[in-house]
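Student: my questions concern the predicted model and sequence given below.
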Amino acid sequence: MTRIACIDAANPIPAEAQCKVDQVDRRGSLVTWAMTCNSPRGEIHSAGSARYAGNTMEGTVIARVPGPNGQPVDAPGHIAGRYLAPCDAK
């Protein structure tokens, strides 16, 4: 899946519809976060970390999603990104 989002030093985690960023920590080039999203099946809790280097970033995320019989299931993922252009002024 490919997604384009506007991020900057003050806002290193892109906003998601129906999601709330619970925690963000930035230490040098490493950003870690936790967020909660609402879905029709229930809340999805995710946590991740990403390292920024030059014009690229790479990281991991684990989402805990509602599974069968109400039991949560962890879904790990890999994320990568690169700088495209400045964000549009709004």
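Tutor: Right, received. Where do you want to start?
Student: quick check, pLDDT for the residue nearest in space to the middle of the chain.
Tutor: Closest residue to the average C-alpha location of the chain: residue 13 at 5.9 Å, with CA atoms, centre = their mean. Predicted confidence (pLDDT) for residue 13: 74.
Student: what bridges to the nearest residue to it once chain neighbours are set aside?
Tutor: Once flanking residues are discounted, residue 13 sits nearest to residue 33: 5.0 Å by CB to CB, 6 or more residues apart in numbering. C-beta coordinates here come from the backbone N, C-alpha and C atoms, glycine included. Per DSSP bridges, the residues bridged to residue 33 are residue 24, residue 48.
Student: if I've got this straight, the residue nearest to the centre of the chain is in a strand?
Tutor: No - read with DSSP: H, G, I helix; E, B strand; the rest coil, residue 13 is coil and lies in no strand.
Student: the residue nearest to residue 13 and residue 86, how far apart?
Tutor: Distance, residue 33 to residue 86, by CB to CB, to the nearest Å: 23 Å.
Student: tell me which of those two has more neighbours.
Tutor: Neighbour count, other CB atoms under 10 Å: between residue 33 and residue 86, residue 33 has more, with 19 against 8.
Student: ok, back up a step: thought the residue nearest to residue 13 was touching residue 59?
Tutor: No - with contact defined as CB atoms under 8 Å, residue 33 does not reach residue 59; the gap is 9.6 Å.
Student: common neighbours of the two, please.
Tutor: 48-49 (CB atoms under 8 Å, 6 or more residues apart in numbering).
Student: I'm done for today, thanks for sticking with me.
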